[in-house]
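This is the structure alone, sequence omitted:
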């Protein structure tokens, strides 16, 4: 592993085969290292703490402040790849925000591909190459954070997931609190508490927002009139749907279609007559 030239401080990528063990470091500066073990074993020494072990099929993220080194045991063939970057003083780069000093996850295809893309870029110093390399580096650290669950909301409970699934399948027709609770196998009172705690809204508020978001999608992607969209999304009238869209999206259906959505052909007069907001 080699540091990037001083003129191009940022993320860098690399790979190495240690056929009979070896060493890397120690780095005597603040550094972030995302190390992937494809084969073999690595022992990590960081900032005077207890030695940490990384094995094949794992990815380790290490944010060292003053001292970082890697020992690859003698007698073993170890193949590694990595993404690394200096840690600037003060605020961390976005891809590293929320990460602890050391974390380990199973190696995923997503992370392996991102690091592979970075390696494929080589060491070119062209401006666009540097921008792309840094974007891939940030994405690689973000992918690790995502896999490790840092900065993400916890997965909703099974009851909430079942209720959401029922709402997705039945939002067009009757979809009341009792229906959601029955689908989830819990009482209505329990479901309301669970939704508020885990999603920050009530089950029925979730249903109406789901209907409205589906309607917004149709406004932006189709030539349907608002009355037909309302019927397809569980609203009883175009008037109530229009108010709901305005509240959620900050624009009326007409404004959404005009500025961000479907454009009606001026040659298709038959459809044009049907689009009435």
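Great, that's in hand. Fair warning: this is a prediction, and the values are worked out from it, not measured in the lab.

Pull up the gap between the nearest residue to residue 23 once chain neighbours are set aside and residue 25, please.
When the adjacent residues along the chain are set aside, residue 23 lies closest to residue 71, with 5.8 Å between them (C-beta to C-beta, 6 or more residues apart in numbering). For glycine as for every other residue, the C-beta is placed from the backbone atoms N, C-alpha and C. Distance of residue 71 to residue 25, given as C-beta to C-beta, to the nearest Å: 9 Å.

likewise residue 175?
From residue 175 to residue 25 the distance is 59 Å (C-beta to C-beta).

Around the residue nearest to residue 23, how many other residues sit close by?
16 (other C-beta atoms under 10 Å).

do the one 10 residues further on as well
Taking other C-beta under 10 Å as the neighbour definition, residue 81 ends up with a count of 22.

Name the helix or strand for it, please.
strand 78-86 (DSSP states H and E).

do the same with residue 54
strand 52-55.

now for that strand, which elements pack on it?
strand 31-39, strand 41-46, strand 102-106 (3 or more C-beta pairs under 8 Å, 6 or more residues apart in numbering; DSSP states H and E).

how about a cut-off of 7 Å?
Helices and strands touching strand 52-55, by 3 or more C-beta pairs under 7 Å, 6 or more residues apart in numbering; DSSP states H and E, are strand 31-39, strand 41-46.

among those, which is nearest residue 244?
Ranking these by proximity to residue 244 (C-beta to C-beta) places strand 31-39 first, at 44.0 Å.

Just the buried residues of the closest one, please?
Neighbour-count burial for strand 31-39, counted by 16 or more other C-beta atoms under 10 Å, picks out 31, 32, 33, 34, 35, 36, 37.

Flag the shaky bits of this structure, pLDDT-wise.
Counting by pLDDT under 70, the chain has low-confidence residues at 1-9, 90-91, 151-154, 260-277.

can you pull out the helices in it?
Using DSSP state H, the helices found in the chain span residues 109-120, 127-148, 158-170, 177-184, 188-199, 203-221, 226-232, 238-249, 253-260, 269-274.

Pipe those helices into CSV and attach mean neighbour count per row.
Putting those into CSV (neighbours: other C-beta atoms under 10 Å) gives the following:
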stretch, mean neighbour count
helix 109-120, 17
helix 127-148, 19
helix 158-170, 17
helix 177-184, 19
helix 188-199, 16
helix 203-221, 19
helix 226-232, 19
helix 238-249, 17
helix 253-260, 17
helix 269-274, 10
